[in-house]
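> sequence and predicted structure are below.
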Amino acid sequence: MKVKTSITLSNEVMETIDQYIGEYRSRSEFLEIAARKYIAQLIRKEAERRDLEIINLNADSLNAEAMDVLTYQLPI
């Protein structure tokens with residue numbers, strides 16, 4: 001379901017949208033796709049932030065495990 005809304009954009013943004021609108025059926029479609037892509041980017045960044053937080057919380061044990069594995073390598 002689509003919801004009709006009203007937004008205010010600068011002339012510069014509108015001109016840029018019009019410049020790149022090519023394959024899109026309308027400004028609305030262009031803006032919806034742009035918003036969806038931006039939202040997906042925000043979701044990825046949030047997941048990366050959570051992953052990094054988990055890695056940092058476990059850094060000491062992960063580093064200790066890596067050092068242990070290195071002791072099994074044969075000298076060259």
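Here it is on my side, so go on. Numbering: from 1, shown residues only.
> the strands in this protein, which residues?
Applying DSSP state E to the chain gives no strands.
> so which elements touch the longest helix anywhere in it?
Scanning the chain for the helix with the most residues, using DSSP state H, yields helix 27-57. Helices and strands touching helix 27-57, by 3 or more C-beta pairs under 8 Å, 6 or more residues apart in numbering; DSSP states H and E, are helix 11-20. Heads up, the C-betas are built off the backbone N, CA and C, glycines and all.
> before we move on, the earlier item: flag every buried residue along the longest helix of the chain.
30-31 (16 or more other C-beta atoms under 10 Å).
> how far off centre is it?
3 Å (C-alpha atoms, centre = their mean, to the nearest Å).
> again, but for stretch 48-61
Taking the mean of its C-alpha atoms, stretch 48-61 sits 18 Å from the chain's own mean (C-alpha atoms, centre = their mean).
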